[in-house]
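Participant: below are the sequence and a predicted model for it; my questions follow.
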Amino acid sequence: MFSWFSWALFLYVGEWVIRLVMLPVVVQRRDPSSATTWLLIIFFFPYFGLVLYLLIGENRLPRRRVEQHANLLRELQAIVERFRSHPNIVRPNLGQRAELAVTLAEKLADLPILGGNNVEFMTETDEVIDRLVADIDAAEDHVHLLFYIYADDATGRRVMDALAEAVKRGVTCRVLADAVGSRPMFKTLATKMRDAGIELHAMLPVNLFRRNVARIDLRNHRKMAIIDGKTAYAGSQNIVDANYGHKDLAWHDMMMRLTGPITLEVQAVFLQDWYFETGEVLDNQRVFPDPQVCGETPIQTLPSGPSYETENYQRMVVAGLYAARKQVTITTPYFVPDEPLMQAMQVAVLRGVEVNVIVPSRCDQFTVGAAARAYYDDFLVQGGNLYLYTDGLLHAKTITIDDGMALVGSSNFDNRSFALNFELNMLLYGPQVTEELLARQRYYLQQSTPLDLEEWRKRPALAKLIENTARLLSPLL
């Protein structure tokens, strides 16, 4: 039998084996700050750190999923060829300055800019659900929904009822919902949905063996809907009541209803996620109907996530900040920027660009909220403008840059959205659509309180300690 000394020696040797074995593994990570954080955890808490790293340490996808992605691209070539010379597929010429952004987005996500679109911004949960249900009621062939959160509440049941009625009319209804974000729904409402003929699947199910993903906390954070391949929704709103999680804290989102050729790109993103979860390729002409010109707004789709070589959204925002000349206005519920993004914001301010960041005064996540507050000083000291939204939880993820480009989507300003989550953002080009979004951002400003640097620095020392400690974990958040 082992004596207490033998056990202590065994544990001590085991700790050093873990440290020495994990050192060359962790240092291969592309992000030095993330690698440093992991090394600190493993060196101070070897056994705990090893288990944690095995569960959530790697964000690279396994070979099987990479091969799936390559196979799907080959399957889609016939569809690409069909639309290559279509008269309604037009690449607008926006001038040299905008062309740099367009080219970057194309290089990052392999999706071109498309002209001839119409966009409607919606900021009220009930309005979004009303329009979505009306479009489902008018659907003739198919309805595709993909949401991080699909809740078993009044909103979720209302959408389910509309889908069930559509199925009765012969409409194919496919729904993807994140396995973690929609976990309560899969325990309750899922059976009713499937019994009604709705094709429902959980995205990225949590599995310790992780056959499809490298870590169990990779999530699909996208929010989108496509009806008949002709109408699409994209933005930050989930299928959930506006007071989700906090009865005294209503969420305020930004959603877009899109018509025109751009719906084909949103459909293609859904198709990829559907294929990864079901193995089924949706490539018939009903899924990708002939596009129609519905407006004059040029739009580009920018999906991001671990399946891409780079952090698409982060790269796009950094480039936009360096290109900005007059103003940048950002709304985000979680403000935990990495070093390149913070530097780009600071440099923009120093160049004389007016940079406004609007965040909620109350955050629904304690650790993320504390980490975010630790970055306020760095931004304010350079002359940036930071506003605390007081009329609920501002969940809209929007950016306007000067008078010519805007981004709306599902990505937050944190490492999870940059590198770990599958996200969907839309780039909108032109002065009219940018001004329309900026008008809504100005409304958010009216409901916000500017944060003064000197007053901010007077907060209690304990609060600063908690925030700076949380900041150390920001590469993992």
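Facilitator: Yep, that arrived.
Participant: in the stretch 51-200 of the chain, which spans are helices?
Facilitator: Using DSSP state H, counting those that start in this stretch, the helices of the stretch 51-200 of the chain run over 63-84, 96-109, 125-137, 154-168, 183-187, 189-195.
Participant: now swap in the stretch 201-350 of the chain and tell me
Facilitator: Applying DSSP H, counting those that start in this stretch to the stretch 201-350 of the chain gives helices spanning 262-278, 312-323, 339-350.
Participant: residue 183: which of the ones you listed is closest?
Facilitator: Residue 183 lies closest, by C-beta to C-beta, to one member of the helices of the stretch 201-350 of the chain: helix 262-278, at 15.7 Å. For glycine as for every other residue, the C-beta is placed from the backbone atoms N, C-alpha and C.
Participant: run the angle between the closest one and helix 96-109 for me.
Facilitator: Orientation of helix 262-278 against helix 96-109 (axes from the mean of the first three to the mean of the last three C-alpha atoms, to 10 degrees) gives an angle of 20 degrees.
Participant: using CSV, lay out the helices of the stretch 51-200 of the chain together with mean neighbour count.
Facilitator: CSV is the format used below for these (neighbours: other C-beta atoms under 10 Å):
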stretch, mean neighbour count
helix 63-84, 12
helix 96-109, 16
helix 125-137, 18
helix 154-168, 19
helix 183-187, 16
helix 189-195, 16
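Participant: of all those, which lies closest to residue 283?
Facilitator: helix 63-84 (5.9 Å).
Participant: circling back to that earlier point, confidence-wise, which of the helices of the stretch 51-200 of the chain is weakest overall?
Facilitator: Mean pLDDT per stretch puts helix 63-84 lowest among the helices of the stretch 51-200 of the chain, at a mean of 67.
Participant: quick one: which of the helices of the stretch 51-200 of the chain is nearest residue 415?
Facilitator: helix 96-109 (17.6 Å).
Participant: now the angle from that closest one to helix 312-323?
Facilitator: Computed by the same axes, to 10 degrees, the angle separating helix 96-109 from helix 312-323 equals 160 degrees.
Participant: show me where the stretch 351-477 of the chain has its helices.
Facilitator: Assigned helices in the stretch 351-477 of the chain, in chain order: 366-380, 415, 431-446, 453-456, 461-472 (criterion: DSSP H, counting those that start in this stretch).
Participant: if we can go back for a sec, what's the closest of the helices of the stretch 51-200 of the chain to residue 333?
Facilitator: Going by C-beta to C-beta, the one of those nearest residue 333 is helix 125-137, 14.8 Å.
Participant: export the closest one to PDB, keeping only CA atoms.
Facilitator: This file holds the C-alpha atoms of helix 125-137, laid out as PDB (Å, rounded to 0.1, in the frame of the first residue of the first chain):
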ATOM      1  CA  THR A 125     -38.700  42.000 -30.600                       C
ATOM      2  CA  ASP A 126     -42.400  41.900 -31.200                       C
ATOM      3  CA  GLU A 127     -42.000  43.600 -34.600                       C
ATOM      4  CA  VAL A 128     -39.400  41.000 -35.700                       C
ATOM      5  CA  ILE A 129     -41.500  38.100 -34.600                       C
ATOM      6  CA  ASP A 130     -44.600  39.600 -36.300                       C
ATOM      7  CA  ARG A 131     -42.800  39.900 -39.600                       C
ATOM      8  CA  LEU A 132     -41.200  36.500 -39.300                       C
ATOM      9  CA  VAL A 133     -44.500  34.800 -38.600                       C
ATOM     10  CA  ALA A 134     -46.100  36.600 -41.400                       C
ATOM     11  CA  ASP A 135     -43.400  35.500 -43.800                       C
ATOM     12  CA  ILE A 136     -43.700  31.900 -42.500                       C
ATOM     13  CA  ASP A 137     -47.500  32.100 -43.100                       C
END
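Participant: packing partners of it?
Facilitator: Here helix 125-137 touches helix 154-168, strand 223-227, strand 231-235, going by 3 or more C-beta pairs under 8 Å, 6 or more residues apart in numbering; DSSP states H and E.
Participant: ok, residue 313 touching residue 425?
Facilitator: Yes. Counting by C-beta atoms under 8 Å, residue 313 does reach residue 425; the two are 5.7 Å apart.
Participant: so what sits against both of the two?
Facilitator: Common contacts of residue 313 and residue 425 (C-beta atoms under 8 Å, 6 or more residues apart in numbering): 302, 304, 409, 411.
Participant: count of residues packed around the second one?
Facilitator: Number of residues near residue 304 (other C-beta atoms under 10 Å) recorded here: 28.
Participant: distance of it from residue 467?
Facilitator: Taking C-beta to C-beta, to the nearest Å as the measure, residue 304 falls 28 Å from residue 467.
Participant: now swap in the third one and tell me
Facilitator: Residue 409 sits 27 Å away from residue 467, taking C-beta to C-beta as the criterion.
Participant: quick one, which of these two is more surrounded?
Facilitator: residue 409 (29 against 19).
Participant: grab the nearest non-local neighbour of residue 421.
Facilitator: residue 221 (3.9 Å; C-beta to C-beta, 6 or more residues apart in numbering).
Participant: could you check the pLDDT of the one you found?
Facilitator: Reported pLDDT for residue 221: 95.
Participant: and for it, the neighbour number?
Facilitator: Other residues near residue 221 come to 26 when the count uses other C-beta under 10 Å.
Participant: from now on call the first residue 26
Facilitator: With the count now opening at 26, the last piece we talked about shows up as residue 246.
Participant: hang on, isn't it packed against residue 172?
Facilitator: No. With contact defined as C-beta under 8 Å, residue 246 does not count as touching residue 172 (9.5 Å).
Participant: got any residues that touch both of the two?
Facilitator: 203, 206.
Participant: from residue 343, how far off is the closest residue to residue 353 other than its chain neighbours?
Facilitator: If you skip the residues right next to it in sequence, residue 353 has residue 380 as its closest partner in space, 4.9 Å away by C-beta to C-beta, 6+ apart. From residue 380 across to residue 343, the span is 13 Å (C-beta to C-beta).
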